[in-house]
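Q: got a sequence here, can you build the structure:
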Amino acid sequence: YCRRSSLIMGITTDTPPQEEIPQEVVNQHPEGEDVQDETIQQELLESVQQFLSKNDGYWQKPEDGVEGKVEESERVYESMVKDKDQLHRILVARNFHIKKSRDLFLEQVRFRARWTPESIDPASIPVALPSGAIRRCGYSREDCVALNFKLRLWKADDYGASSEEGDEKRSDDQLFQDGIDEFTRYILYCIELAISSMKPKPVPQKFVVIFDLVGFTASMVFKRNVRLMVRKLIYIAQAQYPERLHKCLLINAPYGFSTAWKLVRALLDEKTASKVHFVSTQSVTDDFDPEVLSSEYGGQHAEYPVE
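A: Predicted coordinates:
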């Protein structure tokens, strides 16, 4: 059953064996420790530089059918090597394993060069943004910025569509890919918006998500665009913004969602999965003050606006 369900989602639960991480590394750099370890960060950067010196022209190599953006990659690279917080998040996400951290660093550079998350134009998400499917909703009791994902407002089939003249000339495959791309930009836009409103340290530089499952139907599981968008969302959260999710509260889970959850769960690493919690609407107040929480969830705040 698990194997069949995984194939429906377009994944398999079979995973290759992982390299064993030396215990002394784990002991020396415990996960979640809020320190800036100059030594291991320098070791990571040296590994990156050695890789690039042996792979001339790496930034221009195509990826997923898209030509590499050399200038943008170099700009992102120069920025990331100076971002000690991001280097630390990468190392924590890969358990301070240098090679795996190096690979994630390079992956992030290429991804950011392609999508430029920090400068996404709202005009490039014309269907997604006005829907209000994702919006900021204040701060949690721990002062983490909060996002509210309303599944009932997520109209995956509409993404990528526009009223611009010439749309009728796009092939079905192009319309499909345009929908995935708009969703990608939407997720990045919302996460960057959340990051820009995080309170200064020592407040955790993370966000809490209230994921409202009202509107879920079993038919979603069988829709190719929905499956790919879910995978894209999880990929972005885990690989492009590691150590940014503090907690995800799943509320209003309908009957039958358990099967879909098994499929989604197979895509999550253990650390991310441990942050996802099924909760009742009433218990959301454990994480949010009533004056911050929307009245829809038992709080006193009016509905938060679309941004």
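Q: what ranges do the strands span in the stretch 151-300 of the chain?
A: Using DSSP state E, counting those that start in this stretch, the strands assigned to the stretch 151-300 of the chain run over residues 207-212, 245-251, 276-278.
Q: now those as JSON lines including distance to residue 71 and mean neighbour count?
A: C-betas here are computed from N, CA, C, even on glycine. Converted to JSON lines, those look like this (distance: least, C-beta to C-beta, whole Å; neighbours: other C-beta atoms under 10 Å):
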{"stretch": "strand 207-212", "distance to residue 71": "31", "mean neighbour count": "23"}
{"stretch": "strand 245-251", "distance to residue 71": "31", "mean neighbour count": "20"}
{"stretch": "strand 276-278", "distance to residue 71": "38", "mean neighbour count": "15"}
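Q: beta partners for the closest residue to residue 280 other than its chain neighbours?
A: Using C-beta to C-beta, 6 or more residues apart in numbering and skipping the chain neighbours, the partner closest in space to residue 280 is residue 251 (7.1 Å). The partner list for residue 251 in beta bridges (DSSP bridges) reads residue 212.
Q: hmm, back to that, make a markdown table out of the strands of the stretch 151-300 of the chain and add distance to residue 196 and mean pLDDT.
A: Below are the strands of the stretch 151-300 of the chain laid out as a markdown table (distance: least, C-beta to C-beta, whole Å; pLDDT from 0 to 100):
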| stretch | distance to residue 196 | mean pLDDT |
| --- | --- | --- |
| strand 207-212 | 11 | 98 |
| strand 245-251 | 17 | 98 |
| strand 276-278 | 24 | 97 |
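Q: of all these, which lies closest to residue 176?
A: Closest to residue 176 of the strands of the stretch 151-300 of the chain, according to C-beta to C-beta: strand 207-212, at 24.8 Å.
Q: elements contacting that closest one?
A: Where contact means 3 or more C-beta pairs under 8 Å, 6 or more residues apart in numbering; DSSP states H and E, strand 207-212 is packed against strand 145-150, helix 172-196, strand 245-251.
Q: quick one: contacts of the second one?
A: Right, helix 172-196. Residues outside helix 172-196 that contact it (C-beta atoms under 8 Å, 6 or more residues apart in numbering): 115, 117-118, 120, 122, 124-129, 134-136, 145, 147, 156-161, 167, 170, 205, 207, 224-225, 228-229, 232-233, 236-237, 240-241, 244, 307.
Q: again, only using 6 Å
A: 115, 117-118, 120, 124-125, 128, 134, 145, 147, 159-160, 207, 225, 228-229, 232-233, 236, 241 (C-beta atoms under 6 Å, 6 or more residues apart in numbering).
Q: and residue 12, what's its pLDDT?
A: pLDDT, residue 12: 38.
Q: and the helices and strands packed on strand 207-212: which comes nearest residue 111?
A: Residue 111 lies closest to helix 172-196 among the helices and strands packed on strand 207-212, at 9.4 Å (C-beta to C-beta).
Q: circling back to that earlier point, distance to residue 289 for the strands of the stretch 151-300 of the chain - can I get that in a markdown table?
A: Listed next are those as a markdown table, based on distance: least, C-beta to C-beta, whole Å:
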| stretch | distance to residue 289 |
| --- | --- |
| strand 207-212 | 13 |
| strand 245-251 | 15 |
| strand 276-278 | 18 |
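Q: hang on, the earlier thing: most neighbours per residue, which of the helices and strands packed on strand 207-212?
A: Using mean count of other C-beta atoms under 10 Å, the stretch among the helices and strands packed on strand 207-212 with the greatest mean number of neighbours is strand 145-150 (a mean of 22).
Q: what angle sits between that one and strand 245-251?
A: 30 degrees (axes from the mean of the first three to the mean of the last three C-alpha atoms, to 10 degrees).
Q: before we move on, the earlier item: quick check: the gap between the residue nearest to residue 280 and residue 154.
A: Relative to residue 154, residue 251 is positioned 15 Å away (C-beta to C-beta, to the nearest Å).
Q: check residue 38 too.
A: When residue 38 is compared with residue 154 (using C-beta to C-beta), they lie 43 Å apart.
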